[in-house]
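[1] Here's a sequence, model it:
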Amino acid sequence: MLLIDHAEKIAEKIRISGGGRCNFTNVDTGPANFDSTNPDFCRSALARYTPRDFIALVERHGIGWHEKHKGQLFCDDSSARIVDMLLAECASGGVERWQPCAVQSVAHDATGFHLATARGPVESARLVVATGGLSIPKIGASGWGYALARQFGHAVVETRPALVPLVCSGAAWQRFEGLAGVALPVRIGADGPRPAPAFDEDLLFTHRGLSGPAALQISTFWRPGEAVQIDLAPGVDLEAAFRTAKSVPGRRLGPLLAELLPRRLAEAWLQATPELAERRVADLRDRDLAQLAAALKGWQVVPAGSESYRKAEVTAGGVDTRELDSKTCESRRVPRLYFIGEVVDVTGWLGGYNFQWAWASAAACARALGQVYAAGNAGL
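    So this is what the prediction gives:
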């Protein structure tokens, strides 16, 4: 088995993930945590290689871990431990590694695959494409895997940055431009034609728009021109809070809103109607308070774009899974050609799901190759 990698450093995406501690899986991983034009494709691989399987591997290598938030598992120390573990597994399996080494071309005929590389030609009966996506180009990401898929006749679902901060601009955004650093828990969804989950996460205002787990989660499902819907007070009945405040003598709307939301956000919100800030709540009409509550519970923001692949954690879209075998990840167009991981049109939520897809799809492919090897086929 030969592993060819064009990057200077091994597994940089693993090394930098999770703030350097690698959010290597999520114990709650299931098919519902992934976006794909073929949502059932990931079921088989995820069912046959679970988070518990990867945890067992981590523990076998003596790597400490902890659950941080919502099923997200991190290393107790450096993410380099995961990289070392994977390299050790490769060594024990007799994997040869050429790195850095660029693949210049790939051809295919009845005898197998013929690769021209920076270190010379390679002949192989089978080829596994695990090239990742376009996200974080500064560590070597490229569209090579998609180009190879197209070369062999595969459809590629349009790619886009995912798990990425959103950029906001325009007149409607001006009053929120000074809120960089403000964070709060929200419930967020995408107002598009496709079904999209709603996420209960923290939202962070930045100098350029919206970030934090909430923005990153919804970015996978958002499309340019669509609105993002944000409940700024999840779990709070604002109408009831306003009604209660009406019975408090001298209670003013500005200070009340600053208790229900971060103060700077409350002040920015009321900039659109400054005359209301100092009004007594008791003097306001129920209809106006109901409209204010509805606006805060259903704030619609139309982002101007995203921070692009340079800040995206993953790439959505990719090799169309309808042309791959779900049990082995083998191409239905070109026998003995496999696509696994991020290059495939399977995109997980924030929180370790994408790593679990990488492990599970790799395991599905490895089992298929192992069966061939066990049968005595020397063409691996």
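[2] Can you list the low-confidence ranges for the stretch 101-250 of the chain?
    By pLDDT under 70, the stretch 101-250 of the chain contains no weakly predicted segment.
[3] which stretches of it form helices?
    Ranges of helices within the stretch 101-250 of the chain are 144-151, 212-219, 238-246, based on DSSP state H, counting those that start in this stretch.
[4] export the ones you listed to JSON lines and tack on mean neighbour count and distance to Asn33?
    Where C-beta positions appear, they are placed from N, C-alpha and C, glycine not excepted. Shown next, in JSON lines, are these (neighbours: other CB atoms under 10 Å; distance: least, CB to CB, whole Å):
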{"stretch": "helix 144-151", "mean neighbour count": "19", "distance to Asn33": "23"}
{"stretch": "helix 212-219", "mean neighbour count": "25", "distance to Asn33": "11"}
{"stretch": "helix 238-246", "mean neighbour count": "16", "distance to Asn33": "30"}
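[5] Quick one: closest of the ones you listed to Gly317.
    helix 144-151 (8.8 Å; CB to CB).
[6] That closest one packs against which elements?
    strand 103-109, strand 127-129, strand 156-162, strand 314-319 (3 or more CB pairs under 8 Å, 6 or more residues apart in numbering; DSSP states H and E).
[7] May I see these arranged in CSV, with mean neighbour count as well?
    Listed next are these as CSV, based on neighbours: other CB atoms under 10 Å:
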stretch, mean neighbour count
strand 103-109, 13
strand 127-129, 22
strand 156-162, 20
strand 314-319, 26
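[8] Quick one: closest of the ones you listed to Glu239.
    strand 156-162 (35.5 Å).
[9] in its sheet, what does that closest one sit against?
    Strand 156-162 sits in its sheet next to strand 314-319 (antiparallel), going by DSSP bridges.
[10] Can you name the residues in contact with whichever helix or strand comes after the strand it pairs with?
    Scanning forward in sequence from strand 314-319 by DSSP states H and E, the next helix or strand is strand 337-339. Strand 337-339 is contacted by residues 108, 113, 126-130, 145, 149, 152, 154, 319, 324, 328-331, 365, 368 when judged by CB atoms under 8 Å, 6 or more residues apart in numbering.
[11] And for stretch 187-197?
    32, 198-201, 203, 214-215, 217-218, 221-223, 226-231, 234, 300.
[12] mind redoing it with 10 Å?
    By CB atoms under 10 Å, 6 or more residues apart in numbering, the surrounding residues in contact with stretch 187-197 are 32-33, 35, 37, 39, 198-201, 203, 210, 212-215, 217-223, 225-235, 297-302, 349.
[13] Just list whatever residues bridge to the residue nearest to Trp222 when sequence neighbours are not counted.
    Excluding its sequence neighbours, the residue lying closest to Trp222 (CB to CB, 6 or more residues apart in numbering) is Ala190, at 4.8 Å. With DSSP bridges as the criterion, Ala190 is bridged to Val228.
[14] sorry, back to before: buried among the contacts of stretch 187-197? Make that a PyMOL selection.
    Burial among those is assessed by 16 or more other CB atoms under 10 Å; the matching PyMOL selection reads:
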select buried, resi 33+35+37+198+199+201+203+210+212+213+214+215+217+218+219+220+221+222+226+228+229+230+231+232+233+297+299+301+302+349
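[15] about what we covered before: out of the helices and strands packed on helix 144-151, which comes closest to Leu265?
    Across these, the minimum distance to Leu265, taken as CB to CB, is reached by strand 156-162, at 26.3 Å.
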